[in-house]
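Peer 1: what's the 3D shape of this:
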Amino acid sequence: MLDINQLRYTYQPQHQHEHPMPLSFNFSLQQGDIAALIGPSGAGKSSLLALIAGFLQPDSGDISIHQQSIITQDPAQRPLSMLFQEHNLFPHLTVYENIALGVDPRLKLSAQQQQHVRDAAVNVGLEAYLTRLPEQLSGGQRQRVALARCLIRQRPLLLLDEPFSALDPALRNDMLKLVQQLAQQQAITVLMITHSPDDAKKIANKCIFVDNGEVKAFGNIDTLLNQPQQLDLRHYLGLTTI
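Peer 2: Got it, this is the predicted structure:
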């Protein structure tokens, strides 16, 4: 479903004393996979998502979804949605309007599309909040709005860049379960950056360990996290002393 084929990119650091870092990614996900993307800070995880989304242009390699290359497509054309750490809601628009943006940026919706927006709000538990503004919502509710806006677009791939990291553990659990449930309903493939192996185990079936700009381990999440063989992965998980 998602094929990352010999994707290479040279990361240019923002600070002069740092050196450019070559990134190299190669893996495939099947439709319906939920893959946790783990690794130390600065390993290249967010850059990988930005490459897939089209915000960065690779030096070489290819990205394909359902065997169709998307490498030349603009970000808006790519068959995916992305949820960031910041929910990116428009403060002057209601919950209904913020979700509806996922259908039509001009907010000109047919009766059927309007019902889809209401259904999306029901799916994330916000049917009673459709007329509220983002400032009237909690942090968890705002992320639910952003998630509903992603899912109503019905794209086959959902990228999550630690969108729930600022939520308390109980809310984060709820959001992870909600992502898992909705992804299964829509047969969506999910690629999720997380710094929590426990969060990864809760919803993911695949795991991708990135270190120093490379995929160092990839496979079944239970095998990788419960019986890690690679020394650098064991270091990351705190299972060895350095």
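
Peer 1: Run through who's touching stretch 233-242.
Peer 2: Stretch 233-242 has contacts (Cβ atoms under 8 Å, 6 or more residues apart in numbering) with 38-40, 197, 209, 211, 216-217, 224-225, 228, 231. Every C-beta, even on glycine, is put in place using the N, C-alpha and C of the backbone.

Peer 1: now do stretch 5-18
Peer 2: For stretch 5-18, using Cβ under 8 Å, 6+ apart, the contacting residues are 19-26, 44, 47-48, 51, 56-64, 213.

Peer 1: Over to stretch 108-115?
Peer 2: Contacts of stretch 108-115 (Cβ under 8 Å, 6+ apart): 100, 103-104, 117.

Peer 1: now the chain, which segments are flagged as low pLDDT?
Peer 2: For the chain, the stretches with pLDDT under 70 are 241-242.

Peer 1: returning to that earlier point: mark which of the contacts of stretch 233-242 are part of helices, please.
Peer 2: 197, 224-225, 231 (DSSP state H).

Peer 1: Distance to A183 and neighbour count added to the residues you listed, as TSV?
Peer 2: Formatted as TSV, those follow (distance: Cβ to Cβ, whole Å; neighbours: other Cβ atoms under 10 Å):
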residue	distance to A183	neighbour count
P197	20	20
L224	20	24
L225	20	20
L231	32	11
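
Peer 1: Out of these, which is nearest to M1?
Peer 2: L224 (19.8 Å; Cβ to Cβ).

Peer 1: Okay, strands next: where are they in this structure?
Peer 2: If DSSP state E is used as the criterion, the strands of the chain fall at 2-11, 21-29, 34-38, 60-65, 68-69, 80-83, 157-161, 189-193, 206-211, 214-220.

Peer 1: and the closest residue to S60 other than its chain neighbours, how far is that from R144?
Peer 2: Of all residues not flanking S60 in the chain, R8 sits nearest, at 4.8 Å (Cβ to Cβ, 6 or more residues apart in numbering). According to Cβ to Cβ, to the nearest Å, R8 stands 37 Å off from R144.

Peer 1: between those two, which one's more packed in?
Peer 2: Each of R8 and R144 has its neighbours counted (other Cβ atoms under 10 Å); R144 has more, 26 against 15.

Peer 1: tell me the contacts of the more buried one?
Peer 2: 124-126, 175, 178.

Peer 1: Among the residues you listed, the buried ones, what's the ChimeraX command?
Peer 2: What follows is the ChimeraX syntax for the buried subset of those, where burial is set by 16 or more other Cβ atoms under 10 Å:
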select :124,126,175,178
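
Peer 1: can you name the two of the contacts of R144 that are farthest apart?
Peer 2: That would be L126 and M175, which, of the contacts of R144, are the farthest apart (Cβ to Cβ) at 12.6 Å.

Peer 1: quick check: longest helix of the protein.
Peer 2: The chain, longest helix under DSSP H: helix 169-186.

Peer 1: Against which helices or strands is that one packed?
Peer 2: strand 34-38, helix 139-152, strand 157-161, strand 189-193, helix 197-203 (3 or more Cβ pairs under 8 Å, 6 or more residues apart in numbering; DSSP states H and E).

Peer 1: Since that was my last question, I'll sign off now.
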